[in-house]
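K.L.:
mind folding the following:
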Amino acid sequence: MSTLVEMLSGILRYFPNTMISTLFVVGIMMGRLSWVLVALGGIVVTIGTLTIQYLLTKTIGGFDLPGDHFIKACSLLPVAQGGHYMPTPSLWIALTSFFTTYIFTNALNVYAQTPPSTQARYTISVQQRKGVGLISTLAIIVLAVFLVVARYMSTDCENILGIVLGLTIGITAGYFWWLLLDACGPDVYPDIHGVMIGSKPGLLRNGPVVCAKM
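P.N.:
Prediction:
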């Protein structure tokens with residue numbers, strides 16, 4: 001039982017870090033451009049959230065939690081001993097909601113995509129594609145709710161304001177990051193599920209070099 005609790009604790013703390021590193025490293029190894037691009041989006045969200053934390057600290061103040069125990073239990077980034085943990089906005093919530101929103105948006109696109117009239121000659125069937133989209137949509141909703149609720153209920157790392165601001169940042173960034181990648185390579189570049197390339201062969205070779213869709 002203690003081992004299970006330790007595993008859950010590790011997931012609740014390092015889930016965003018694991019997503020970024022896994023998508024980036026495995027994406028490069030397997031040649032999955034969409035995975036690498038999503039990981040880069042996570043890095044952008046991290047920089048943006050840390051910037052907002054810094055601005056709040058310098059302007060309003062009073063949101064940081066002093067103490068090494070908060071840093072050891074909550075922080076996603078290395079923090080010097082004797083430093084402060086900043087839960088507002090929550091970096092963990094921002095990154096988790098970024099990934100879940102991105103995956104959810106892409107799953108909806110995969111499910112709702114209208115197949116071309118010549119779909120029958122493609123290797124990815126309409127039924128398989130819709131099945132992937134539907135399963136992923138339901139799974140990511142359950143996962144997101146579980147992670148956020150468990151993080152809030154089982155740790156002292158989050159507060160309501162930090163969660164609200166983190167969700168705002170993450171959901172907004174996840175949706176618009178998907179739109180940005182879709183503008184650069186419609187349906188294929190943002191497809192973290194990897195099924196749309198089967199319905200549009202040759203798109204990556206002949207796609208636009210500028211993002212002109214938006």
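K.L.:
low-confidence ranges in the protein?
P.N.:
Residues of the chain meeting the criterion pLDDT under 70: 1-11, 62, 66-69, 79-83, 114-130, 132-133, 187, 196-214.
K.L.:
secondary structure element holding the spatially most central residue of it?
P.N.:
The residue at the geometric middle of the chain, judged as the C-alpha nearest the mean C-alpha position with CA atoms, centre = their mean, is residue 99 (1.3 Å). Taking DSSP states H and E as the criterion, residue 99 maps to helix 91-112.
K.L.:
okay, that helix in CSV with CA atoms only?
P.N.:
The C-alpha trace of helix 91-112 is given here as CSV (Å, rounded to 0.1, in the frame of the first residue of the first chain):
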residue,chain,number,x,y,z
LEU,A,91,2.5,25.8,-12.8
TRP,A,92,1.5,22.2,-12.2
ILE,A,93,-2.2,23.0,-13.0
ALA,A,94,-1.2,25.1,-16.0
LEU,A,95,0.9,22.4,-17.6
THR,A,96,-1.5,19.6,-16.8
SER,A,97,-4.5,21.5,-18.2
PHE,A,98,-2.4,22.5,-21.2
PHE,A,99,-1.7,18.9,-22.2
THR,A,100,-5.2,17.6,-21.4
THR,A,101,-6.8,20.5,-23.4
TYR,A,102,-4.5,20.0,-26.3
ILE,A,103,-5.2,16.2,-26.4
PHE,A,104,-8.9,16.8,-26.0
THR,A,105,-9.0,19.3,-28.8
ASN,A,106,-7.1,17.0,-31.1
ALA,A,107,-9.3,14.1,-30.2
LEU,A,108,-12.4,16.1,-31.1
ASN,A,109,-10.8,17.0,-34.4
VAL,A,110,-9.9,13.4,-35.1
TYR,A,111,-13.5,12.3,-34.3
ALA,A,112,-15.3,15.0,-36.2
